[in-house]
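Visitor: Here's my sequence, what's the structure:
(one chain, ligands or ions: 2)
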Amino acid sequence: MKHKVSSAAQIRSSFIDFFKSKGHEFIPSSPIVPINDQTLLFANAGMNQFKDIFLGLVSPEYRRAVNSQKCLRVSGKHNDLEEVGKDTYHHTFFEMLGNWSFDDYFKAEAIEWAWELLTKVWGIEPGRLWATVFAGDKADGLPKDEAAAKLWTKVTSISPDRVLAFSRKDNFWEMGDTGPCGPCSEIHIDLGPDMCDKKDVQGHSCAVNAGCGRFIELWNLVFIQYNRTENGKLLSLGAKYVDTGAGLERISAVLQNKGSNYDTDLFMPVIDRISYLTDHKYTSRLGNKTDNAFRVIADHIRTLVFAITDGVIPSNEGRGYVIRRILRRASRYARELGMHEPFIYKLVPIVVDVMGDAFGEVRQRADFVSTVIESEEASFGRTLDRGIEIFADAAEKAMQTAEKTISGEDAFQLYDTYGFPLDLTQLMANERGLKVDTVKFEELMEEQRQRARAAQKDVWLSGVINITSSLSANPTVIPATEDTLKHHVGQCAASVKGWFDEQDFKDNGEIPADSEVGLVLDRTCFYAEAGGQVGDSGIIESEYGKFVVMDTVKVANCVVHRGRVAEGSFRVGDKVTAIVSKDRDSIKKNHTATHLLQWALQDVLGKSVAQQGSFVGPDYLRFDFTYPKAPGPEELKEAERKVREKIAEDLPVKWVVIPKEQAQKLGAMALFGEKYGNEVRVVGIGAESENGISEAISREFCGGTHVDRLGSIGGFKIIKEESISAGVRRITALTGQGLAGYLEQRSDIVDQLSQMLKVPVEAVSNRVEQLLAENKRLTKELKVAGTSSGPDTMAEAQTLLQQCEKIDGAHVIVGQISNTPIERAREAVDMLKKKAKSAAIALGFADGDKVTLLTGVTDDLIKKGLKSGDIVKAIAPIVDGGGGGRPQMAQAGGKKPEKINDALAKAAEIIKEKLAE
Ligand code: ATP
Ligand code: MG
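Guide: Ligands and ions are numbered 1, 2, ... in the order given. Below you'll find the predicted structure:
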C-alpha cells in the first residue's frame, strides 16, 4: 500500500496543516503536568488544556484549534501501563493529534474532515475503516446518538454496515471522574486477520472493540456536551464543542505499513540503540520476553524524558512517585537484557534526536534529564538486587500457601524498604504464577498515608480543591476579577460580588460570620498565589465590617480572598476597600532577589543553571535550580557577592507585557513546564525604562510583584544550600527585615556564648576549639580506663572455645558471659569465628534484668542451612524477647535473665540437630 505521507514528522505536520486550511489555529501542546488542575496528575488528552473553556470559565481566543498534545496514561481513569509492551499500540507516553471547535462547527464537519484527511489526504483505503457511535445509556438517561450515525452515511463514503453503536464504556468519553464529557464517535482500522493476537482465546472472534490487535482505534471524535460533577450527575454545558484525538504513533504505523507502533520511525531508532547497548536483538514478536523488554524500555524512556523535562522529579509521592515507578519498571526490564548497571539514561540523546524538532524543550533539558535518570537508576540498582532476594523468599513462602499469594505484608515491605512499586512485585509474581494480596497491601499503604497526612496537614490546599470542585459544579456563574491593580497599588476600592463556602458559590445575601469563606470582589489589588509567590494577606473593610484575608488564590479568572468576617457584616454589593498587608513589601524584595540570584548563579556556575521551582514569601525565599553537583562554598559566596553588588548599585526594575515570541527573542527566561499565554509579562532588572528591557541584566517571564529599585531590597544572604533530588539544588536566602531579624538572633547567640565561655566575642571560636580537643582527649582516656576495668570478654570467649564440642570439624560454641558492652560481645563473636574457622556460636549475658543473646555462624555452615537469624529467633522467646539479623550474625534482647541458660541450651540443640542432618 502506498500512502501519501509517511514519516511521523510529516504526519504530524500534515495533520496540523490540514486543519489550518480549515480555519484552525495551531495551539502548542500544554506541559505534561497540568497547570492549576488538582483533579489530574498528568495530561491524558488534548482537551485538558481547554477544560476551562468547556466549563465556560474562560472564553476561547479562537473558535477552532488544532494541536499535537503530549499525553501520559499511567494513572487515574486512563491508565495503559499494563498494556505497554504486551501489545503493539498502547504507550504510556504518546502524542494525541486533535482538532477543536469551541461552539463553532459540530458533528457534521468533524466527521467529514476526519474522513477526508484519512482517506483522501493520507490515502488510507476506505474499505479498511469502521466507525462507531454512542448507543445511549439508561443510567445517565441519554439516548443513542442518531445524529452522528446518520451523518456518517451522509457526509462520508463509508458503507452503512460499518457504522456500529456501542455503549458508554466505549463511546462516551470522560477525562476523569469529573469534568467535561460527551458521546463520541470513533474510527477504527482493520489491520487484517494476521494481526489478531487472540487466536487461541476460546470464543474470540475479531471485531471492532473485541480487544484483539486486528481492529484498533485510530481516532476519537468527542462531542462535548456535558459536565460530570462530584456526585456523578451530568449537567448540560451552555455550548457544544468538538474535541478529537488521534494517536500519532498508531497513524504512523498504518501509513508506514507496519504491524506495530514500535516498528515506526518514532521507536525504531530507540530500539536500535537499546540493541546496540545491550547486544540483544529485537525481533518484533509479541509474547517474547526479550522483545517485550525492548518495547517497555523504549516506551518508558520517552515518558521519562518528557515528564522530567516538564518538571517532574522522581520522588515518593504524587507525580514524582508515578515517574519513579516507571523508571524502576524500566530498570527491572533492563535486567532481562542483562543490564545491571545504569543504562537507561544513555537513551536520552536518541529520544531527543527523534522528538527534539517537534518539542524543543526536550533538547534544551537533555543533560539535566540524563543526570536525573542516571542517579535514580544507580540508587535503585543498589536496592534492586537485595530486593530480588527478599522477593524470592516471599515467593517461596507464597508457594506454600493454598492461595499461591504473596502476602500484603511482604509486598508492603518490598515497597517500603526496597522501593519495589506494587506493580513491579505483581509483575514478578505474575511471572511465577503467583498472586499478590493487594487488599492487605492497600490497607497498609492507607495506614502509612494517614500517618503522613497527620504529619503534614495542608489546610489551604484542601480549601482550593473545594473551591475548584464547587466551581466545576456551577461553571457559568463565577465572575472574573479585574486584578491588574496588583502590580501598581496596595489598596483599592471595590465591591463584593459573592463568596465560596464549602459547597458552592453564593452571589447574593450576607456572608456567614462563623466560618471561613472565599470572598470574591469585582476588582482587587491582592496578588493571588502564582509562580512561586505566595498569595497576599490583608484586610477588606467596609462601612459595616472588617474581613481578614489570610491567603489569596486564583481559580480560572476569579481571585478568591480566603479568610473570615472579623467584625460587623458583609453583603453582596457592599462597597469595600481592599488593603494588602505590609508583608507585600517583604515579598517584593524576596521576589526581585530571587531573579537576581538566578542571574548571579548563571553567571558563576554557567548556563546549566535553570530554575526548577521557587517559593517567595514574606519571611524568606527559596530557589530550586538544576545543577549536576554541589556548588562550592566559594562559588556561593561569589554569587552572594554579585547579588549584593547589584543591590548597592540600586538598579531600576521595569516590566512590560509583550507578545510571547518577542519575549523569547529577547532571551527572557521562562520556566519549563509552565504554560504561557500569547502575551507575557517580562520583568527586567537594570532596565532604565520599559523600552530598555533589552538592556536589562536579567529578563524573566514573571507575573509577580517586584521592587522599583534594587536598593530597597536592603541586603541579601544565603542561609542554606542543599540537594533536593538528583541534579536539583535548593538555596534558601533572606533579604530586608527577615535578614535583619536573622542577624540579630545570631548576634545574640554569639554574645551568650562569649558570656558563658568568659572570653571576648573574637575569642569564642578558639575557646570552643580548645574545649572540643580537651573533651576528645578525656573521652579517649575514659574508654581506655573502661576497657581495663571491665570483664575480659575476649578471655571468656576464648575459654568457651577451648571447652566447646566439635561436630565434623564444626565448633559449637555456646555459653553465658559476663555483662559487657554489645560492641565488645560482637568483637568476641568475630574473634571466635576467625579462630575456630568453622563455628556456630551463641552467647548470652545479663545486665540487671535485661538479657542480650548473640549468635554467629561461619559461611560454610550457613551453606548447610544454619543461619544466625533463625537461631536467635527460635531462642529469644525463652527469655521473653525478640530479635533477628543476618545469617552471619544476629542479636536479640529479652527480659528473663533466669532463663539465659535455657535459651542457650536450646541454641545448642538447634545447632547440633542441623549439623547432624
Ligand atoms: P483504546 O481503546 O485503544 O485504549 P481509547 O479509547 O482509550 O483507546 P481515546 O481516549 O479515545 O482512546 O484517545 C484518542 C486516541 O488516542 C485513540 O484513538 C488512540 O489513537 C490514541 N491513544 C489512546 N490511548 C493510547 C495509548 N495508550 N497509546 C497510544 N495511543 C493512544
Ligand atoms: Mg484506552
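
Visitor: how far away is I719 from S608?
Guide: 24 Å (C-beta to C-beta, to the nearest Å). Placement of C-beta: from N, CA and C, glycine included.

Visitor: Revised request: answer the last question for H591.
Guide: Note on H591: its distance to S608, by C-beta to C-beta, is 24 Å.

Visitor: These two - which one has more neighbours?
Guide: H591 (28 against 14; other C-beta atoms under 10 Å).

Visitor: Can you tell me the SS state at the more buried one?
Guide: Assigned state for H591: helix (three-state reduction, DSSP: H, G, I helix; E, B strand; the rest coil).

Visitor: That one contacts T705, doesn't it?
Guide: Yes. With contact defined as C-beta atoms under 8 Å, H591 reaches T705; the gap is 6.3 Å.

Visitor: which neighbours do these two share?
Guide: Shared between the contact lists of H591 and T705 (criterion: C-beta atoms under 8 Å, 6 or more residues apart in numbering) are residues Q533.

Visitor: check contacts around I216.
Guide: Applying C-beta under 8 Å, 6+ apart as the definition, the contact partners of I216 turn out to be Y89, H188, I189, L191, R250.

Visitor: where in the stretch 651-800 of the chain is pLDDT low?
Guide: Flagging of the stretch 651-800 of the chain using pLDDT under 70 yields the residue ranges 673, 784-790.

Visitor: should've said the chain
Guide: 1, 38, 452-477, 503, 673, 784-790.

Visitor: Can you tell me, leaving aside adjacent residues, what's nearest to whichever residue of it sits closest to ligand 1?
Guide: Scanning the chain for the residue nearest ligand 1 gives G247, at 2.8 Å (criterion: C-beta to the nearest ligand atom). Leaving aside its chain neighbours, G247 sits nearest to F94 (5.5 Å; criterion: C-beta to C-beta, 6 or more residues apart in numbering).

Visitor: May I have the beta-bridge partners of that neighbour?
Guide: Under the criterion DSSP bridges, F94 forms beta bridges with C71.

Visitor: How many residues are close by it?
Guide: By the other C-beta under 10 Å criterion, the neighbourhood of F94 contains 22 residues.

Visitor: how about it, what does it touch?
Guide: Taking C-beta under 8 Å, 6+ apart as the definition of contact, the neighbours of F94 are C71, R73, G247, L248, E249.

Visitor: My read is that the last one contacts T264, right?
Guide: The one in question is E249. Yes. When contacts are counted by C-beta under 8 Å, E249 is listed as touching T264 (6.6 Å).

Visitor: joint contacts of those two?
Guide: Shared contacts of E249 and T264 (C-beta under 8 Å, 6+ apart): A8.

Visitor: Now the residue lying closest to E679 once chain neighbours are set aside: which helix or strand?
Guide: The spatial neighbour of E679 that comes closest, neighbours along the chain excluded (C-beta to C-beta, 6+ apart), is V657 at 5.5 Å. Secondary structure assigned from DSSP states H and E places V657 in strand 653-659.

Visitor: Give the buried residues for that strand.
Guide: V653, K654, W655, V656, I658 (16 or more other C-beta atoms under 10 Å).

Visitor: Throw these into TSV and include distance to G882, thanks.
Guide: Written out in TSV, the entries for the buried residues of strand 653-659 read as follows (distance: C-beta to C-beta, whole Å):
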residue	distance to G882
V653	64
K654	69
W655	65
V656	69
I658	69
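
Visitor: Among those, which pair sits farthest apart?
Guide: Distance extremes for these: the farthest pair is V653 and I658 at 16.3 Å, using C-beta to C-beta.

Visitor: Touching, V436 and L427? I think so.
Guide: No. Using C-beta under 8 Å, V436 and L427 do not qualify as a contacting pair, with a distance of 9.7 Å.

Visitor: Looking at the two, which is more packed in?
Guide: Neighbour tally, V436 and L427, criterion other C-beta under 10 Å: the higher count belongs to V436, 24 against 17.

Visitor: Quickly list what the more buried one is bridged to.
Guide: Listed beta-bridge partners, V436: I406 (assigned using DSSP bridges).

Visitor: I figured L97 hits E249, correct?
Guide: No. With contact taken as C-beta under 8 Å, L97 and E249 are classed as non-touching, separated by 10.3 Å.

Visitor: which other helices and strands contact the host helix or strand of K646?
Guide: Under the criterion DSSP H and E, the helix or strand holding K646 is helix 633-649. Judged by 3 or more C-beta pairs under 8 Å, 6 or more residues apart in numbering; DSSP states H and E, the packing partners of helix 633-649 are helix 583-605, strand 716-725.
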